[in-house]
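A.B. asks: could you look at this predicted model? Sequence included:
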Protein chains: 2
Amino acid sequence: MENRYVPLIRLVGPDHVRADEATRHAYGADALKRGHPADVVVLPGTTEEIAAIARWCHDTRTPLVPRGGGTGYTGGAVPVRGGVVLSLERLNRILEIDEGNLLAVVEPNVITGDLQDAVERVGLFYPPDPASLRTSVIGGNVAENAGGPRAFKYGVTRQYVLGVEAVLPTGEIVRTGGKVVKNVVGYDVTQLLVGSEGTLAILTKIILRLIPRPPVQATLRATFRSVTDAVDAVTRLIRARVVPAALELVDGECLDAVANYLAVRSLAPAGTAALLLLEVDGLPELVAAEAARVEQACLDAGATEILRARDEAERAELWRVRRELSLSLKMITPIKFNHDVVVPKARVPELFALVDRLKREFALTIPCFGHVGDGNIHVNIMVRAGDEDEARRAHVAERALFEGVVALEGSISGEHGIGFAKAPYLGLELSPETIALMKRLKDAFDPHGILNPGKIFLS
Amino acid sequence: MENRYVPLIRLVGPDHVRADEATRHAYGADALKRGHPADVVVLPGTTEEIAAIARWCHDTRTPLVPRGGGTGYTGGAVPVRGGVVLSLERLNRILEIDEGNLLAVVEPNVITGDLQDAVERVGLFYPPDPASLRTSVIGGNVAENAGGPRAFKYGVTRQYVLGVEAVLPTGEIVRTGGKVVKNVVGYDVTQLLVGSEGTLAILTKIILRLIPRPPVQATLRATFRSVTDAVDAVTRLIRARVVPAALELVDGECLDAVANYLAVRSLAPAGTAALLLLEVDGLPELVAAEAARVEQACLDAGATEILRARDEAERAELWRVRRELSLSLKMITPIKFNHDVVVPKARVPELFALVDRLKREFALTIPCFGHVGDGNIHVNIMVRAGDEDEARRAHVAERALFEGVVALEGSISGEHGIGFAKAPYLGLELSPETIALMKRLKDAFDPHGILNPGKIFLS
């Protein structure tokens, strides 16, 4: 360990400061797989220790990078300029589940799925369900404003954050929001911290809104000859006043990948270009009414097949294609440029037309799936290991994708954030004035730019 | 008109600059009824004109106060330091209602009720429904993050704002968010502007999320012997997985006031301490199921009477008590300290116990009503005109109310904001560190403090 980091031992104790090679590298990478080693890793146990570390980093102008589950796709937890990685892994307790007030108070490193299980045991529900929910943590979900399939009905993480305790880069401890669902006292710093990618403050406590757990659900699968037909089904079911709890689209290329991986001939009728997974939930009377309307909407839009799960086993079977997707795509090639673009939902067919054009123009394999009710589609540009020309074409296609999405009145990221991976593209979506304003906000929190430097903004 | 304001004529034309005594006073007051005259009132017609006015005010260090409907309760639109009042009344068009993408694009001065009517005509729904919806405007609703009865099920204004165009106090024009429901690109400036009370930027265009209009609804009224019983009914119906679209509580003192005003003996069974107005909406099957569960929950909690509207006329009759409330309270005395405190919902009985204590201790009349599902209660401290001792006691009770609410883990404002009326109490709820951070955010937008000065913060 460099001598300059020795004072950290006094702040958190020798057991909680690590600078061995393996730890520095392990805590220097996330799911983006483009890591940079930390100089040192600290594992504080309390808010006060975190405040002391922040003050020390502030005084010594040392980069400080907070880290939760390390599951981000854009490098948000990577210490691109070295310095201190502050792992929140010891702050992992559910402090309170308040049934009367429908809220939970948690430390940042509670695994999202564990919180869901805990609240469901008492009849409550925490809806946000990023694909990573068994490995990602609430603090990271809040920092990235995580979404997931249920966002169409239930909203994203932002809608469930009532308040936080946070340590500023200056070492001050602030508490924003609270245990009430309405609060208009001063600026909404809570909502500003949600989605700020660990660049404004370190979350040390989070108050989350819960809702009653929907008692029953129904799962349906419908297949279509075109993405346009599938989107037409979505439009029809919204017109029929149905609000599905999940509304997932899987394209033909993804279906082929899963069929290959599972070594089955096909998962859907021949000629399927789009598969919709639909779930409705709520009171039994509502679920029956909505499921019937979903079937009708899919029929009217020209569905080639509609399946409805009769029990939990059939439900799992319907979701299998979605669950096996990630591993199936890895069989094509382990490297993918994994994007999470979003467009106004009626423009999803135009987004698929754009992707088709990119496939042809750049000779690329680009399977797509996603949350079609939100217009939020995961576009996976596959790159074979060692194929440098393909990697080059993929990079050109990536920029063309982002430009096309912005032209469709969309956004280059609906779930993963900017981190450092997408920082070069920020200017495609935001004007210089808006970026300048955001940098002034950053300065208001972090005058010396020590907290998670090199993220969101290029400079 | 003072000479120094003459350059404004060049920016917006002579017809749109006014400095006559009547206009200066009319545009210097809002529903708080503690006005201060503007030096001059400008009525720009475009975003570019607004940017030019902001630049001029910035360069000349002149206070600039944006104004929408002028219906705020905390003086948010009052030019407490004089200067320029910028009325947005000419920016009053609905620019777009996009049925396919479930959104609307509006200028800030569209009356909220007019927007609701327009979207309902095409089968859509804009849920936020502040009591002022026939006179307040969307821009003001966004600036104050307006709530209303439907917030329990549908959320407040914040949940419907997807993006804005805004003019910064420096005259720069920024566009934040957009037409997509998920967006994690950079900091969420949109959400920071919601509820910022016209102190950070002037909204010139707003993109709002819409939802499909619920096809049917049912309205119920239940009466209880105590507030505790009424809150018990709310807890029971939440446990029964019902999510009412309205969940309004009216206390016994309010009922007496309405009965007096309408000159009827009583509106509810003798001994009624709390009346609940409940509405459920959605698909017909859901509404039938939820209404039955609401009745059962109220019965189980000891309701003394439960009424259910069979048609629109009966529905209007049930809502009459709520509708006549404001005028009825004015008959007691035209002066009221009209507060909108909020506590965690299970603590509403403790809030009422606190109010009872204040009534006794300070010999005051304090009728209460509000959005009990959100724990958001309107506490009206009545003050007879000319009774200076009562006014003094009311001020002491007001501070005791705010202190008590904070002790109950609540917030001093759930709907009306801080403005200048509540600025002296900000420190009861927020720490010096949090207030200092908020002031740095203000500086990041408004380095010379020209935009709506004297609001939120005391200095």
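C.D. replies: Nice, thanks for sending it over. Residues are numbered from 1 along each chain as shown, chains lettered A, B, ... in the order given.
A.B. asks: hmm, residue A:416 is touching residue A:145, no?
C.D. replies: No. Counting by C-beta atoms under 8 Å, residue A:416 does not reach residue A:145; the two are 10.1 Å apart. Glycine gets a C-beta too; all of them are placed from N, C-alpha and C.
A.B. asks: which residues do the two both contact?
C.D. replies: Contact criterion C-beta atoms under 8 Å, 6 or more residues apart in numbering or on different chains; residues shared by residue A:416 and residue A:145: residue B:184.
A.B. asks: next, count neighbours for residue A:46.
C.D. replies: Neighbours of residue A:46 under the rule other C-beta atoms under 10 Å in any protein chain shown: 12.
A.B. asks: tell me how far it lies from chain B.
C.D. replies: 18 Å (C-beta to the nearest C-beta, to the nearest Å).
A.B. asks: OK, contacts around that residue?
C.D. replies: Residue A:46 neighbours (C-beta under 8 Å, 6+ apart): residue A:91.
A.B. asks: where in chain A is pLDDT low?
C.D. replies: When residues are selected by pLDDT under 70, none of them lie in chain A.
A.B. asks: quick one: contacts of the longest helix seen in it?
C.D. replies: Identified as the longest helix of chain A according to DSSP state H is helix A:388-407. Helix A:388-407 has contacts (C-beta under 8 Å, 6+ apart) with A:335, A:337, A:339, A:341-343, A:351, A:354-355, A:358, A:361-364, A:366, A:379, A:381, A:383-384, A:411-412, A:425, A:428-429.
A.B. asks: bridged to residue A:219, which residues?
C.D. replies: Per DSSP bridges, the residues bridged to residue A:219 are residue A:279.
A.B. asks: measure how buried residue A:245 is and give me the count.
C.D. replies: What residue A:245 shows, counting by other C-beta under 10 Å, is a neighbour count of 24.
A.B. asks: so it sits right up against residue A:154, yeah?
C.D. replies: Yes. Contact criterion C-beta under 8 Å: residue A:245 and residue A:154 qualify, at 7.0 Å.
A.B. asks: overlap in contacts, those two.
C.D. replies: By C-beta under 8 Å, 6+ apart, residue A:245 and residue A:154 have no common neighbours.
A.B. asks: SS state for residue A:57?
C.D. replies: helix (DSSP: H, G, I helix; E, B strand; the rest coil).
A.B. asks: contacting residues around it?
C.D. replies: Going by C-beta under 8 Å, 6+ apart, residue A:57 touches A:63, A:64, A:83, A:84, A:169, A:450.
A.B. asks: hey, C-alpha coordinates of the following helix or strand past the longest helix of chain A in CSV?
C.D. replies: Next helix or strand after helix A:388-407 toward the C-terminus (DSSP states H and E): helix A:426-429. What follows is helix A:426-429, C-alpha atoms only, in CSV (Å, rounded to 0.1, in the frame of the first residue of the first chain):
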residue,chain,number,x,y,z
LEU,A,426,-23.6,12.5,-23.7
GLY,A,427,-23.5,15.4,-26.2
LEU,A,428,-25.6,13.5,-28.7
GLU,A,429,-28.6,13.8,-26.4
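A.B. asks: please report how far residue A:310 lies from chain B.
C.D. replies: Taking C-beta to the nearest C-beta, one finds residue A:310 at 20 Å from chain B.
A.B. asks: burial measure for that residue, as a count.
C.D. replies: Close neighbours of residue A:310, defined as other C-beta under 10 Å, add up to 10.
A.B. asks: residue A:180: neighbour count?
C.D. replies: 28.
A.B. asks: ah, wrong one, I meant residue A:265
C.D. replies: Residues lying near residue A:265 (other C-beta under 10 Å) number 7.
A.B. asks: cool, residue A:96 as well?
C.D. replies: Applying other C-beta under 10 Å, we find 12 other residues in the vicinity of residue A:96.
A.B. asks: chain neighbours aside, what residue packs nearest to it?
C.D. replies: Excluding its sequence neighbours, the residue lying closest to residue A:96 (C-beta to C-beta, 6 or more residues apart in numbering or on different chains) is residue A:105, at 4.1 Å.
A.B. asks: same check, this time on residue A:32
C.D. replies: Using C-beta to C-beta, 6+ apart, the closest residue to residue A:32 is residue A:75 (4.4 Å).
A.B. asks: so how far is chain B from the one you found?
C.D. replies: For residue A:75, the distance to chain B equals 14 Å [C-beta to the nearest C-beta].
A.B. asks: isn't that residue up against residue A:33?
C.D. replies: No. Taking contacts as C-beta under 8 Å, residue A:75 lies outside contact range of residue A:33: 9.1 Å.
A.B. asks: mind checking which of the two has more residues around it?
C.D. replies: Set residue A:75 next to residue A:33 and count neighbours by other C-beta under 10 Å: residue A:75 wins out with 27 against 11.
A.B. asks: that's a strand at that one, yeah?
C.D. replies: No. Under the criterion used here (three-state DSSP), residue A:75 is coil, not part of a strand.
A.B. asks: check contacts around it.
C.D. replies: Contacts of residue A:75 (C-beta under 8 Å, 6+ apart): A:30, A:32, A:34, A:419, A:420, A:421, A:455.
A.B. asks: please report the distance of the third one from chain B.
C.D. replies: Here residue A:34 is placed at a distance of 19 Å from chain B (C-beta to the nearest C-beta).
A.B. asks: could you find the closest non-adjacent residue to that residue?
C.D. replies: That would be residue A:75: by C-beta to C-beta, 6+ apart, it lies 6.1 Å from residue A:34.
A.B. asks: cool, and the fifth one?
C.D. replies: Distances taken as C-beta to C-beta, 6+ apart put residue A:75 closest to residue A:420, at 4.6 Å, once the chain neighbours are dropped.
A.B. asks: quick revisit: what helix or strand is the residue nearest to residue A:96 on?
C.D. replies: Assigned by DSSP H and E, residue A:105 falls within strand A:103-106.
A.B. asks: so for that strand, what gets flagged as buried?
C.D. replies: Buried residues in strand A:103-106, counted by 16 or more other C-beta atoms under 10 Å in any protein chain shown: A:103, A:104, A:105, A:106.
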